[in-house]
Structure formats: structure tokens, C-alpha cells
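Q: What would the 3D arrangement of this be:
(one chain, ligands or ions: 1)
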Amino acid sequence: MTDALPTASKSNGADAAWLRTLASKFLVFEGPDGSGKSTQLKRLIETCAAAGVEITTVREPGGTSVGEQIRSVLLDPSSTMTLRCEMMLYMASRAQLVEEIVRPALAKGHLVIADRFLTSTFAYQGAGGGLSAEDIRDVGRVATQGIRPDLILIYYVDVDTATARTRGVPQGKKKSSEALRGVTLFDDRIEQRSDDFRRRVHESYLAQAKADPAHHALIDAKASAEQVWSLTLNELRSRFAPKA
Ligand code: TYD
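A: Take a look at the predicted model:
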């Protein structure tokens, strides 16, 4: 690999050499619906790719052939299921993703960026739904084979801001296959959940970040996308860039 760096990465605001230290790292983007994490994730992918970092990106639920089928089941408004069944479907999708994609990609030296992981299950099925953290941890250990992200970036906004943002998203805009059907997970199953459920999900994100700051970066996502991008880069740089 050459040391000359493409200018695109510099114009993105990142002095790009340190970005290569992200090779073989596993980063997870998390946050309540409406946090704006997807915009930041896209920008990090573009910036790292421009810096010559090989990247594998995955989303949850989904990311594999069987995982996308599981996603459809989770998405289908006619799928009536218990909370435990729902949790285990998220975990089943995750188990396939870890074994089929995440582990091999890390072994090849790729930076793996996941759009959601175990943190979401603790927030939504745990704090939101009421399953115990212990049960989720136990099933999670089996599903992930104990793999731990190097860093979980939590994009946090308060409930009112998140609600305003998600209501501003035209229905069907988010994901292609679902867009064709005019629905997203948010539009149907999650939308139907109560304000209290949302509040618990938000609180869980804060609590998870606070409980383990070494593995979580809590990012104030209320600011402009540009400011949030700066915060994102600062977090990554301070944790992964070689110390001068
Ligand atoms: P998605 O349409 O992919 O939206 P987003 O861009 O916000 O990730 O929907 C994912 C939804 O699935 C989101 O509302 C959170 C929920 N979810 C869980 O409830 N538990 C989980 O373990 C995961 C991974 C996601």
C-alpha cells in the first residue's frame, strides 16, 4: 500500500494516515431511531475508503441472505410474536452475520462497520420490551461467540428530537426493498410502540454508554450533521490514532 493519500479523504476533514489504524477493527453504530447515525456511518465509510482502508459494512437485522429473510419476518406487520421470539430472531440474524461476514472480514484485516448490534437488543427488547439483561447477555454470547466491538458509537438525541426527525422522514424513503413495499421497521412495528417504550430505549443507550465508557463513545447527535461528524472523527482519532 502506498503512503500517498487521496485528497478526497483530506477534503473530508480527516488527516487520513491515522485512519489506517482502523484496519481489523470492529465498529458499531448505534442510537435510537431518528439519531442520524446512518448519515455518519455513510460518511465514515466514504472517508475510510478514500484513505485506502478496506471496509466491510453490515446492517442489522439482516446483512446475509438468511438474515434478510429474518428481517422480513421481523418487519411483516402480520408477524405476531412474543418478545422472546423477537429477541431470538434478532440474535439468529446476528449469529449468521458474525460467522458468515464479521469474523472472516476481520481476519482479512478489514475495518468492519455494523449498523446496530447487541446494544440495540439490550435497548429495545431489554429496556424497552422488558427482557432481562442477563437473558440477553446469555443468548448474545451464543450468537456472537463472544466477539466484542472495539468501539460502539452511540448517537444520542432526546426523545422529542428523535420523534420529530423520524416523523419528518417520508414513508418508504429509508431502505430499497422496504421502500418498494412502502414500509420500514420504524414505520410499522416500532412506530406502534408507546412513548414510554421509547423513553426506556433512550435511557438504556445512556446507561449502556455510562456503564462501559472504554467500549462506548456517547456522541451528542442533536447538533448539525457537520458538527456530529467532527465529534465522530475526534472520538475515533483520540481512541485509535497512534499517540504522537
Ligand atoms: P431499520 O429500518 O434498519 O432502522 P435504523 O436505520 O434505525 O437502524 O430498523 C431497525 C429497527 O430494529 C430499529 O427500530 C431497532 C430495531 N432493532 C431491535 O429492536 N433489536 C435489535 O436487536 C436490532 C438490531 C434492531
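Q: give me the residue from this structure nearest the ligand.
A: Taking C-beta to the nearest ligand atom as the measure, the chain has residue 124 as its residue closest to the ligand, at 3.1 Å. All C-beta spots, glycine's among them, are computed from the backbone N, C-alpha and C.
Q: per-residue pLDDT, that residue?
A: For residue 124, the pLDDT comes out at 96.
Q: just residue 54 next, same as before
A: For residue 54, the model assigns a pLDDT of 97.
Q: how many neighbours does it have?
A: 14 (other C-beta atoms under 10 Å).
Q: what's the spacing between it and residue 77?
A: To residue 77, residue 54 is 38 Å away according to C-beta to C-beta, to the nearest Å.
Q: With residue 130 instead?
A: 21 Å.
Q: One more: residue 162?
A: 22 Å.
Q: Pull the contacting residues for residue 200.
A: 127-128 (C-beta atoms under 8 Å, 6 or more residues apart in numbering).
Q: Can you say which helix or strand has it in it?
A: helix 195-211 (DSSP states H and E).
Q: Return the next helix-or-strand element following that helix as CSV; C-alpha atoms alone will do.
A: Once helix 195-211 ends, the next helix or strand along the chain (criterion: DSSP H and E) is strand 216-220. Extracted in CSV, the C-alpha atoms of strand 216-220 (Å, rounded to 0.1, in the frame of the first residue of the first chain):
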residue,chain,number,x,y,z
HIS,A,216,-18.7,3.2,24.1
ALA,A,217,-18.5,6.7,22.7
LEU,A,218,-21.6,8.7,23.5
ILE,A,219,-22.0,11.3,20.8
ASP,A,220,-24.3,14.3,21.1
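Q: which residues are in contact with strand 216-220?
A: Strand 216-220 is contacted by residues 151-156, 205-206, 208-210, 228, 231-232, 235, 239 when judged by C-beta under 8 Å, 6+ apart.
Q: what do you get if the cut-off is 7 Å, keeping everything else the same?
A: 151-156, 208-209, 228, 231-232, 235 (C-beta atoms under 7 Å, 6 or more residues apart in numbering).
Q: out of those residues, which are inside helices?
A: The members of the contacts of strand 216-220 that map onto helices under DSSP state H are 208-209, 228, 231-232, 235.
Q: hmm, which two among these are most spread apart?
A: The largest distance within the ones in helices among the contacts of strand 216-220, taken as C-beta to C-beta, falls between 208 and 228 and amounts to 19.2 Å.
Q: can you tell me which residues contact residue 92?
A: Each residue near residue 92 by C-beta under 7 Å, 6+ apart is listed here: residue 70.
Q: and it, that one's in a strand?
A: No - counting by DSSP: H, G, I helix; E, B strand; the rest coil, residue 92 is not part of a strand but helix.
Q: With residue 125 as the reference, measure out to it.
A: Distance, residue 92 to residue 125, using C-beta to C-beta: 13 Å.
Q: same deal with residue 21?
A: Residue 21 is 34 Å from residue 125, by C-beta to C-beta.
Q: neighbour count winner among those two?
A: The neighbour comparison of residue 21 against residue 125 (other C-beta under 10 Å) goes to residue 125, with 23 against 16.
Q: check contacts around the more buried one.
A: By C-beta under 7 Å, 6+ apart, residue 125 lies in contact with 83, 86-87, 90, 131, 136.
Q: Mark which of those are part of helices, please.
A: Those of these lying in helices (DSSP H): 83, 86-87, 90, 136.
Q: My guess is residue 41 contacts residue 111. True?
A: No - the pair residue 41 / residue 111 is not scored as a contact, 12.0 Å apart, by C-beta atoms under 7 Å.
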